[in-house]
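In: sequence first, predicted model second:
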Amino acid sequence: MTATADAVRAFRERLALPGLVDVHTHFMPERVLAKVWDHFDSVGPLTGVPWPITYRHEEEQRVALLREFGVRAFTSMLYPHKPQMAAWLNSWAADFAARTPDCLHTATFFPEESAGAYVRRAVEAGARVFKAHLQVGAYDPNDEALEPVWGLLAEAGIPIVIHCGSGPVPGKHTGPGPVAALLARYPRLALVVAHMGMPEYADFLDLAERYERVHLDTTMAFTDFAEQFSTFPEAELGRLADLGDRILLGTDFPNIPYPYDHQLAALERLGLGDGWLRAVCHDNGARLFGLD
């Protein structure tokens, strides 16, 4: 990985960054991650594009790689696909954060009667970011079982990274409609739209312009891989520049089919300037999570 680490280091040094803040990385129990990798191994027939996992390593090596890349803070994005799973995942994530100080304590939820209680426990235990995956979980974010969750997180101001765009394949509750309805009821939610809302980029930029606490993460967007099936519209680059204080670096590490530095190179070739890159790759995330 020396070439990748060298490329990332050169990127950081050129921009005089103290490190990277990556809001979208995946750590989860090994047997759960193995099933996720099995899914990506078979995703080619769904997308028409093979999806090899570049960083298919043991947990300790994956953490070491992020540190070698100069990532000063990252997340353990994990998510349930059925009831009675989220609380267990949260317990694992709390332990992972306790033994991995550069990981932002991450938690998750699912629409079920117990959601409000275990989300409150996670918040009281120090959770700093939540993950919601509408595609995998196949749930409507406006499910009434989630009312206590959204109310608590809006009041606490804790960011929620939400996979709500219809990429790489649409789900029953993906797309901008359900999220727009959610924000109309909870306008103070600190939502972080994963993957820039791919492929409904323009619609999710609309929501970010309308709601001041909505952010978008760059995960896989603009890369050669994503551009094959979900091209970012050139006409939206001006709005992307204008929202530079609410775009956050995300990568999907380790579940990416290319080296880590390619995400950074894809952002740089947008041509939005060094100030924009500094904000996206470090300053915005550091501010959102109070790292400084």
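Out: Yes, it's here.
In: rest of the way, CA atoms for contacts and neighbours
Out: Fine.
In: so what pLDDT did residue 2 get?
Out: pLDDT recorded at residue 2 is 85.
In: same deal with the one 4 residues further on?
Out: If you check residue 6, the pLDDT there is 98.
In: show me what whichever strand or helix holds it is packed against.
Out: Applying DSSP states H and E as the criterion places residue 6 in helix 2-15. Applying 3 or more CA pairs under 8 Å, 6 or more residues apart in numbering; DSSP states H and E, we find helix 2-15 packed against helix 261-268, helix 274-278.
In: ok, then the element right after that helix?
Out: Downstream of helix 2-15 (by DSSP H and E), the next one is strand 20-21.
In: and that following strand, what does it pack against?
Out: If contacts are counted by 3+ CA pairs under 8 Å, 6+ apart, strand 20-21 sits against strand 71-75.
In: where does the protein have low pLDDT?
Out: Low-confidence segments of the chain (pLDDT under 70): 1, 45-46.
In: one more time with 80
Out: 1, 44-48, 292 (pLDDT under 80).
In: strands of the stretch 51-200 of the chain, residue ranges please.
Out: For the stretch 51-200 of the chain, the strands defined by DSSP state E, counting those that start in this stretch occupy 71-75, 103-104, 106-108, 129-133, 160-163, 191-193.
In: in stretch 63-73, what counts as buried?
Out: Within stretch 63-73, the residues that count as buried by 16 or more other CA atoms under 10 Å are 63, 65, 66, 67, 68, 69, 70, 71, 72, 73.
In: any chance of the helices and strands packed on helix 2-15 in a markdown table, plus distance to residue 157?
Out: A markdown table is the format used below for the helices and strands packed on helix 2-15 (distance: least, CA to CA, whole Å):
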| stretch | distance to residue 157 |
| --- | --- |
| helix 261-268 | 28 |
| helix 274-278 | 24 |
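In: reformat those as TSV; add mean neighbour count and distance to residue 216.
Out: Shown next, in TSV, are the helices and strands packed on helix 2-15 (neighbours: other CA atoms under 10 Å; distance: least, CA to CA, whole Å):
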stretch	mean neighbour count	distance to residue 216
helix 261-268	18	14
helix 274-278	17	14
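In: so for residue 34, which of those helices sits nearest?
Out: helix 261-268 (23.7 Å; CA to CA).
In: picking up where we left off before, just name the closest of the buried residues of stretch 63-73 to residue 152, please.
Out: Residue 152 lies nearest to residue 73 out of the buried residues of stretch 63-73, by CA to CA, at 24.3 Å.
In: so residue 245 makes contact with residue 284?
Out: Yes. When contacts are counted by CA atoms under 8 Å, residue 245 is listed as touching residue 284 (6.1 Å).
In: looking at those two now, which is surrounded by more residues?
Out: residue 284 (21 against 16; other CA atoms under 10 Å).
In: wasn't that one part of a helix?
Out: Yes. Under DSSP: H, G, I helix; E, B strand; the rest coil, residue 284 sits within a helix.
In: any idea how far residue 30 lies from residue 93?
Out: Residue 30 sits 12 Å away from residue 93, going by CA to CA, to the nearest Å.
In: the two: which is more packed in?
Out: For residue 30 versus residue 93, neighbours defined as other CA under 10 Å are more numerous around residue 93 (27 against 11).
In: for stretch 62-82, measure first residue to last.
Out: End-to-end distance of stretch 62-82: 27 Å, with CA to CA as the criterion.
In: what's the neighbour count on residue 196?
Out: When counting by other CA under 10 Å, one arrives at 29 neighbours for residue 196.
In: make CSV out of the strands of the stretch 51-200 of the chain and add distance to residue 275.
Out: As requested, the strands of the stretch 51-200 of the chain are exported to CSV (distance: least, CA to CA, whole Å):
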stretch, distance to residue 275
strand 71-75, 19
strand 103-104, 25
strand 106-108, 28
strand 129-133, 25
strand 160-163, 24
strand 191-193, 21
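In: ok, residues contacting stretch 31-45?
Out: 27, 49, 50, 51, 52, 53, 255 (CA atoms under 8 Å, 6 or more residues apart in numbering).
In: nearest to residue 191 among those residues?
Out: Among those, residue 27 lies closest to residue 191 (CA to CA), at 20.3 Å.
In: tally of neighbours for the closest one?
Out: 23.
In: what sits against the closest residue to it other than its chain neighbours?
Out: Nearest-residue entry for residue 27: residue 76, 4.4 Å, with adjacent residues in sequence omitted and distances by CA to CA, 6 or more residues apart in numbering. Applying CA under 8 Å, 6+ apart, we find residue 76 in contact with 24, 25, 26, 27, 28, 93, 103, 104, 105, 106.
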